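Undergrad: Coordinates for the following, if possible.
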Amino acid sequence: MVKHQFMKSNRLSVAAVLLSLAGLNVAALGQGMPPEARKNIHLLFNQHSDVIRTVTMSTNGYVALTESNDPRVASALKEHVRQMEARLNEGLMVRRHDPAFVEFARHYPDLRHTVEPTEKGLRIVVTGKTPEAIKVAQNHATVVTDFATHGWEAHDRDHAPALQSETPAKESVHAVSSTPKKSCPACCESGAECQAGSPTRTPTAVPKGN
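TA: Predicted coordinates:
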């Protein structure tokens, strides 16, 4: 009888540990952006006109030089890339509402990023291990250029994925609102306020010139 109770208690303890670990994983996946990361993101959107970005596509990815003559922006660029790299390496999402970013996170393990700090920013070389990953990488490069070029306007719209097969089956047909709103949980994946946001978004292909 004592042995039976011990085995039952032991099984319950193991189950409790497994449930606890599962809870930690769920919490991690749903973890919002830390305040410092949001601060850098918002600074970059506020001062997007101070960002100088050049992208060169290659056969297996792209090379991007992103800099600024403003020291604060240059510092924010470096910190932002470090923060997003750490987040993706932990399996956490970035802009989970945006089809292009959902696709990017899915193919992230098949991408190789080489980050080289410069005096005014950084140079990033991205290569894909598969033909699909290469397309996803290059699409991500155009999306980031869209952010640097159009700032909050680009922030407040979703972007089309590179692979047609990964386009969500059901997308909102509503036009993206151009009216700034204070509350934008989807933007930073938390309840924090930001300068723009829209509850309904339609993925938009970024012009090839970007």
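
Undergrad: Return the helix or strand in this protein with minimum mean pLDDT.
TA: Ranked by mean pLDDT, DSSP states H and E, the weakest helix or strand in the chain is helix 2-29, scoring a mean of 40.

Undergrad: give me the low-pLDDT residue ranges for this protein?
TA: 1-31, 165-210 (pLDDT under 70).

Undergrad: let's go with 90 and repeat that
TA: 1-34, 36, 91-94, 164-210 (pLDDT under 90).

Undergrad: those strands in it, which residues are they?
TA: Taking DSSP state E as the criterion, the chain carries its strands at 51-58, 61-68, 111-118, 121-128.

Undergrad: just checking, Lys135 touches Gln164?
TA: No - contact criterion CB atoms under 8 Å: Lys135 and Gln164 do not qualify, at 10.1 Å. (Each C-beta comes from the backbone N, C-alpha and C, glycine too.)

Undergrad: Those two - which one has more neighbours?
TA: Set Lys135 next to Gln164 and count neighbours by other CB atoms under 10 Å: Lys135 wins out with 17 against 7.

Undergrad: Quick check: nearest residue in space to the more buried one, chain neighbours excluded?
TA: Ala162 (4.3 Å; CB to CB, 6 or more residues apart in numbering).

Undergrad: What of Gly151?
TA: His48 (3.7 Å).

Undergrad: quick one: the one you found from Asn40, how far?
TA: 13 Å (CB to CB, to the nearest Å).

Undergrad: Can you pull the residues that touch both of those two?
TA: Common contacts of His48 and Asn40 (CB atoms under 8 Å, 6 or more residues apart in numbering): none found.

Undergrad: before we move on, the earlier item: mind giving me a markdown table with the strands of the chain and columns for distance to Ala76 and mean neighbour count?
TA: Converted to a markdown table, those look like this (distance: least, CB to CB, whole Å; neighbours: other CB atoms under 10 Å):
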| stretch | distance to Ala76 | mean neighbour count |
| --- | --- | --- |
| strand 51-58 | 10 | 16 |
| strand 61-68 | 8 | 20 |
| strand 111-118 | 13 | 13 |
| strand 121-128 | 10 | 19 |
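
Undergrad: what's the closest of the ones you listed to Arg96?
TA: With respect to Arg96, and counting by CB to CB, the nearest of the strands of the chain is strand 111-118 at 18.3 Å.

Undergrad: what angle sits between that closest one and strand 121-128?
TA: 160 degrees (axes from the mean of the first three to the mean of the last three CA atoms, to 10 degrees).

Undergrad: would you put the C-alpha positions of stretch 71-81 in PDB?
TA: Output of stretch 71-81 as PDB, limited to C-alpha atoms (Å, rounded to 0.1, in the frame of the first residue of the first chain):
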ATOM      1  CA  PRO A  71      24.900  58.500 -33.400                       C
ATOM      2  CA  ARG A  72      21.700  57.600 -31.500                       C
ATOM      3  CA  VAL A  73      20.200  56.100 -34.600                       C
ATOM      4  CA  ALA A  74      23.400  54.200 -35.500                       C
ATOM      5  CA  SER A  75      23.500  52.800 -31.900                       C
ATOM      6  CA  ALA A  76      19.800  51.800 -32.100                       C
ATOM      7  CA  LEU A  77      20.400  50.000 -35.400                       C
ATOM      8  CA  LYS A  78      23.200  47.900 -33.900                       C
ATOM      9  CA  GLU A  79      21.100  47.100 -30.700                       C
ATOM     10  CA  HIS A  80      18.000  46.400 -32.700                       C
ATOM     11  CA  VAL A  81      19.700  43.800 -34.900                       C
END
